[in-house]
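# Pasted the sequence and its predicted model underneath.
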Amino acid sequence: MLTYPIVLEDDDGTLLATSPDFPELTTFGTDRDEALARAVDALEEAIAARIHDDRDIPPPSQGRDVTVLPTLTAVKVMLYQGMREQGIGKAELARRLGWHLPQVDRVLDVQHNSRMDQLDAAMGAIGRRLHVKASAQR
């Protein structure tokens, strides 16, 4: 799981939610739970924009309040980060997988409901493997 810190500040009766890792992330909520829930959506939008613009996605820093990325989005972020670390572009990933470029675009699109077998294959194509673990909720 990827958990990013969210800073919550009172803003005239609502809570303003921002992120030290994503300066472009700004949202709000009427209370803590709503602000953190909205922060997940805002975080996914910030990540989607960075992938689209071929920009880095930072590793999570530390913070008191955090938001947890949905599992599918987290895997897409790990794939994208792995590609950038190794200098592998979309065209090279498509070649390695025998896919068409639109298939690679979809597997990196945080709004697309990709299948896990596709993500497993893409991770394998960059020399990575997913390890899944379930734990009790706190």
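Sure thing, it's come through.
# Domain boundaries for the protein, per the record?
Per the record, the chain has its domains at 3-68, 71-125, by automatic domain parsing.
# I'd like the average pLDDT over the helix or strand where V104 lies.
Secondary structure assignment for V104, by DSSP states H and E: helix 101-108. Helix 101-108 carries an average pLDDT of 97.
# Can you name every helix or strand that the worst-scoring helix or strand of the chain on mean pLDDT contacts?
In the chain, no helix or strand scores lower on mean pLDDT, DSSP states H and E than strand 65-68, which sits at a mean of 92. Other elements packing on strand 65-68 under the criterion 3 or more C-beta pairs under 8 Å, 6 or more residues apart in numbering; DSSP states H and E are strand 3-11, helix 32-52. All C-beta spots, glycine's among them, are computed from the backbone N, C-alpha and C.
# any residues touching that strand, and which ones?
Applying C-beta atoms under 8 Å, 6 or more residues apart in numbering, the contact partners of strand 65-68 are 1-8, 32, 36, 39-40, 43, 60.
# one step back: I'd like the helices and strands packed on strand 65-68 as CSV, with mean pLDDT appended.
Formatted as CSV, the helices and strands packed on strand 65-68 follow (pLDDT from 0 to 100):
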stretch, mean pLDDT
strand 3-11, 95
helix 32-52, 96
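# out of the ones you listed, deepest packed?
Burial of these is given as mean neighbour count (mean count of other C-beta atoms under 10 Å); helix 32-52 ranks first at a mean of 18.
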